[in-house]
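Okay, structure incoming, though there's no sequence with it:
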């Protein structure tokens, strides 16, 4: 991020802090306001950490696209032996 981007991010976080402060004045210290205040605080910490980076990190390299072929043929029924149906339980539990 450039210095301009960091400055804009910090300005926007400042606006969020003021907005959350206004919400706290109106609604009190309810759980939702506490969560918002915590989120804004975390954003501020992350923005400060990012601004403290000596250089802009290099973009992550894209992994070469790997194509995984999934066959259209039916799966071997033995793959499902002793497997539980999610939310239903095992077949052995229902007398099947």
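Looks like it arrived, so ask away. All figures in this text were calculated on a predicted structure; none of them were measured in a lab.

List the buried residues of stretch 44-63.
44, 47 (16 or more other C-beta atoms under 10 Å). Using the backbone N, CA and C atoms, a C-beta is placed for each residue, glycine as well.

repeat for stretch 35-46
Buried residues in stretch 35-46 (16+ other C-beta under 10 Å): 36, 37, 40, 43, 44.

Which residues does the lengthiest helix in the chain contact?
Secondary structure of the chain per DSSP state H: the longest helix is helix 3-27. Under the contact criterion C-beta atoms under 8 Å, 6 or more residues apart in numbering, helix 3-27 has outside partners 1, 33, 36, 37, 40, 43, 44, 47, 50, 51.

Output the contacting helices and strands for the one helix or strand the second one maps to.
Residue 33 is part of helix 31-51 when elements are defined by DSSP states H and E. The elements that helix 31-51 packs onto, with contact taken as 3 or more C-beta pairs under 8 Å, 6 or more residues apart in numbering; DSSP states H and E, are helix 3-27.

Name the spans of the chain whose pLDDT lies under the cut-off.
1, 56-57, 60, 62, 85-96 (pLDDT under 70).

Let's verify residue 61: helix, strand, or coil?
Following DSSP: H, G, I helix; E, B strand; the rest coil, we place residue 61 in the coil state.

Which residues are in contact with it?
So, once contact is read as C-beta under 8 Å, 6+ apart, residue 61 ends up touching nothing.

Skipping its backbone neighbours, what lies nearest residue 44 in space?
Of all residues beyond its chain neighbours, the one nearest residue 44 is residue 13 (5.1 Å), with distances taken as C-beta to C-beta, 6 or more residues apart in numbering.
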